[in-house]
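Participant: Provided below are the primary sequence and the corresponding predicted coordinates.
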Amino acid sequence: MADLIVSAANARVKRLRALREKKHRRAEGLFLAEGLRIGIEALDSGWEPQAVAYAAEREDHPLVRRLLRACRGDVLPCTPAVLATLSGKDNPQAVVAAFPIPSRTLADLLPGKRLLAAERLRDPGNLGTLLRAADGAGASGMVLLGDCTDPFSVEAVRASMGAIFTVPVAHATPDELLAWKARHGATLTGAALHPSALDYRALSWGSPALLLLGNESEGLPPPLLAACDQLAAIPMLGRADSLNVAIAGALLLYEALRWQAPAAPDSAGALR
């Protein structure tokens, strides 16, 4: 085992901790992921860590050893107090790993049957939760339009529960998205509080289905609304006029899945 790191002032620890800030993630081309399970999911998805900080007392755990063997850079055995400075939590995970930020464009995303897009999404928890829903619903990727929160922030990665490693993410302009839509013959469905929006259960979800979500407080801007083939509304029977964007996105993704591939649940309750 390498020497135990007992001080948060250690230069290698400070380099990893700096990845909590976007400017340092951009400069280093790396992002942080917390937790042994998420680290193993990353390995299983073909990702290799560039650095791993871990609780020294867990070194003999077989999954920790697997992650350390796969690491292409620094391995840092740490005390719990030092790990807490990396995760920003009082009860830190046993592992915090740094992974390379992929360089993807919209052209890199396959059409698939379902593709999720979001415009000016600001909350990292919403973004991470949408990635998790996209993974669960079998979406082929997620497109971020405009000034969205960073999908590789610690908060977004944590909320994605590992989906950041399985759902490709690309940034694009609205014009690029509409060109992609035309090229692949996608049906663009926008989620909107709009007089022409229909109950999402009454829509036809073509394939590929391109689902578009707007900013949490402002929704979709008029040009994007006008570009949609159809607008989806979720019935609200209480006093609230809308759902949280991540919950709404999950509902619409699973409705597209149900419409495109109706099937009975298997023994585990999942759609085949």
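Facilitator: That came through fine.
Participant: neighbouring contacts of stretch 39-55?
Facilitator: 5, 12-13, 16, 30, 33, 63-64, 66-68, 70-80, 82-83, 86, 92, 94-100, 162, 165-166 (C-beta atoms under 8 Å, 6 or more residues apart in numbering). Heads up, the C-betas are built off the backbone N, CA and C, glycines and all.
Participant: And the residues you listed, which of them are buried?
Facilitator: Among the contacts of stretch 39-55, the ones that count as buried by 16 or more other C-beta atoms under 10 Å are 5, 13, 16, 30, 33, 64, 67-68, 70-71, 74-78, 82-83, 86, 92, 94-99, 162, 165-166.
Participant: can you tell me which of the residues you listed are in strands?
Facilitator: Secondary structure from DSSP state E places 30, 33, 74-78, 95-99 of those in strands.
Participant: Dump those into JSON lines; add distance to Arg201 and pLDDT as well.
Facilitator: What follows is those, written out as JSON lines (distance: C-beta to C-beta, whole Å; pLDDT from 0 to 100):
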{"residue": "Leu30", "distance to Arg201": "43", "pLDDT": "98"}
{"residue": "Ala33", "distance to Arg201": "36", "pLDDT": "96"}
{"residue": "Asp74", "distance to Arg201": "51", "pLDDT": "92"}
{"residue": "Val75", "distance to Arg201": "51", "pLDDT": "95"}
{"residue": "Leu76", "distance to Arg201": "51", "pLDDT": "95"}
{"residue": "Pro77", "distance to Arg201": "53", "pLDDT": "96"}
{"residue": "Cys78", "distance to Arg201": "50", "pLDDT": "94"}
{"residue": "Val95", "distance to Arg201": "42", "pLDDT": "94"}
{"residue": "Val96", "distance to Arg201": "42", "pLDDT": "95"}
{"residue": "Ala97", "distance to Arg201": "41", "pLDDT": "96"}
{"residue": "Ala98", "distance to Arg201": "43", "pLDDT": "98"}
{"residue": "Phe99", "distance to Arg201": "39", "pLDDT": "98"}
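Participant: Going by distance to Gly219, which of these wins?
Facilitator: Ala33 (31.3 Å; C-beta to C-beta).
Participant: From Asp123, how far off is that closest one?
Facilitator: 19 Å (C-beta to C-beta, to the nearest Å).
Participant: Now tabulate the ones in strands among the buried ones among the contacts of stretch 39-55 in JSON lines and tack on distance to Leu144.
Facilitator: Converted to JSON lines, these look like this (distance: C-beta to C-beta, whole Å):
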{"residue": "Leu30", "distance to Leu144": "19"}
{"residue": "Ala33", "distance to Leu144": "19"}
{"residue": "Asp74", "distance to Leu144": "30"}
{"residue": "Val75", "distance to Leu144": "32"}
{"residue": "Leu76", "distance to Leu144": "31"}
{"residue": "Pro77", "distance to Leu144": "36"}
{"residue": "Cys78", "distance to Leu144": "33"}
{"residue": "Val95", "distance to Leu144": "27"}
{"residue": "Val96", "distance to Leu144": "25"}
{"residue": "Ala97", "distance to Leu144": "23"}
{"residue": "Ala98", "distance to Leu144": "22"}
{"residue": "Phe99", "distance to Leu144": "18"}
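Participant: Specify which member of those is nearest to Glu255.
Facilitator: Among these, and counting by C-beta to C-beta, the member closest to Glu255 is Ala33, at 30.3 Å.
Participant: Show me what that closest one bridges to in the sheet.
Facilitator: Ala97 (DSSP bridges).
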